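A.B. asks: fold the following and give me the result.
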Amino acid sequence: MNNKPLIIANWKMNPATFEEAERLLNTINKEMGRNENAEVVICPPFIYLSSLLSIAKDNLVFGAQDCFWEDKGAYTGEISPLMLKKLGSQYVIIGHSERRKYFQETDQVINRKLKAILKARLNPVLCVGEEARDSFDSEGRSLDEVSLVIGEQVEKALIEVSPAWIRNLVIAYEPIWAIGTGNSCSSDDAMRATLFIRKILTKLYDRSIAEKVKIIYGGSVTSQNVVDLVEGANMDGVLVGGASLNASEFVKIMEVLKK
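C.D. replies: Alright, predicted model coming up:
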């Protein structure tokens, strides 16, 4: 694990009102206390970001759920990495399976966003993951779809990305079959996915760079399975979806990892 664990809350298109978002954040603020043993990042809907930043504790970090690849221009409805930086955002999630599925985002689009985020000196959280529930062999090699999908997603996302930028990269392994299903993968399979991703990074750059990249897990994360997924799989943290909307459960996840 790279230093203290990274815990990212992806609220997606929730909650429905700012009042609910404020209550959720206030509960997290109240219960988390001093959080020096983990880095906690909240990624709310964009319209709540500025207001929530103004009421958050200093030890909370904020991120966005997506962005465009230009700083400004005639791109109706889009938000640039530069705008997010000026608001106070430090992270940006890109390549989430829901963006790939519902908005037909390609690896080429994700590559452009990734480079724009790094150019703005923000931290991209690159999501990768396979649809089918496949397995790995004893040396961490995928038996079928996993290596093809993850390898292609990582390699295409990092086209023309300089080694000097990689230190700010976070890769979230999110097996699509686990997202929102309650079925997280085993710590063994998560570890093998981690090893495979580092193998790809070593091939693209070198081993020292590959070891600096934070790799986190996402997909039905709970306070019951988070230790196995982080410590058991030698990951650097978690990307939490549904459980991050339950303040008490999210606080439990933080507390467990802080230990």
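A.B. asks: not counting residues beside it along the chain, what's closest to Val238?
C.D. replies: Nearest non-adjacent residue to Val238, counting by Cβ to Cβ, 6 or more residues apart in numbering: Val221, 4.8 Å away. Yep, even glycine has a C-beta here, placed from its N, CA and C like the rest.
A.B. asks: I'd like to know how many residues surround that neighbour.
C.D. replies: 27 (other Cβ atoms under 10 Å).
A.B. asks: what's near enough to touch it?
C.D. replies: 184, 229, 238-241, 243, 253 (Cβ atoms under 8 Å, 6 or more residues apart in numbering).
A.B. asks: out of those residues, grab the one that's most surrounded.
C.D. replies: Val240 (30 neighbours).
A.B. asks: for that residue, list each beta-bridge partner.
C.D. replies: Ala9 (DSSP bridges).
A.B. asks: what about it, distance to Asn59?
C.D. replies: From Val240 across to Asn59, the span is 17 Å (Cβ to Cβ, to the nearest Å).
A.B. asks: what's the answer for Leu257, then?
C.D. replies: In terms of Cβ to Cβ, Leu257 sits 14 Å off from Asn59.
A.B. asks: and if you look at Ser147?
C.D. replies: In terms of Cβ to Cβ, Ser147 sits 38 Å off from Asn59.
A.B. asks: who's more crowded, Leu257 and Asn59?
C.D. replies: Leu257 (22 against 14).
A.B. asks: what's the burial count for Met83?
C.D. replies: So Met83, with other Cβ under 10 Å, has 17 neighbours.
A.B. asks: strands of the stretch 1-150 of the chain, residue ranges please.
C.D. replies: 6-10, 39-43, 60-64, 91-94, 123-128 (DSSP state E, counting those that start in this stretch).
A.B. asks: for the stretch 151-259 of the chain, same thing?
C.D. replies: 170-173, 214-218, 237-240.
A.B. asks: wait, isn't Glu249 in contact with Val226?
C.D. replies: No - applying Cβ atoms under 8 Å, one finds Glu249 not in contact with Val226, separated by 10.3 Å.
A.B. asks: okay, Asp189 and Leu87: tell me how far apart.
C.D. replies: 37 Å.
A.B. asks: ok, now Val256?
C.D. replies: Distance from Val256 to Leu87, by Cβ to Cβ: 30 Å.
A.B. asks: go on, Cys67?
C.D. replies: 11 Å.
A.B. asks: of those two, who's got more company?
C.D. replies: Cys67 (26 against 14).
A.B. asks: shouldn't the more buried one be in contact with Pro81?
C.D. replies: Yes - if you go by Cβ under 8 Å, Cys67 and Pro81 touch, sitting 5.0 Å apart.
A.B. asks: between these two, what contacts are shared?
C.D. replies: 92, 116-117.
A.B. asks: want to throw those residues into JSON lines with pLDDT?
C.D. replies: Supplementary listing: the shared contacts of Cys67 and Pro81 in JSON lines, determined by pLDDT from 0 to 100:
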{"residue": "Val92", "pLDDT": "98"}
{"residue": "Ala116", "pLDDT": "98"}
{"residue": "Ile117", "pLDDT": "98"}
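A.B. asks: ok, those residues vs Ile166, which is closest?
C.D. replies: Ile117 (12.5 Å; Cβ to Cβ).
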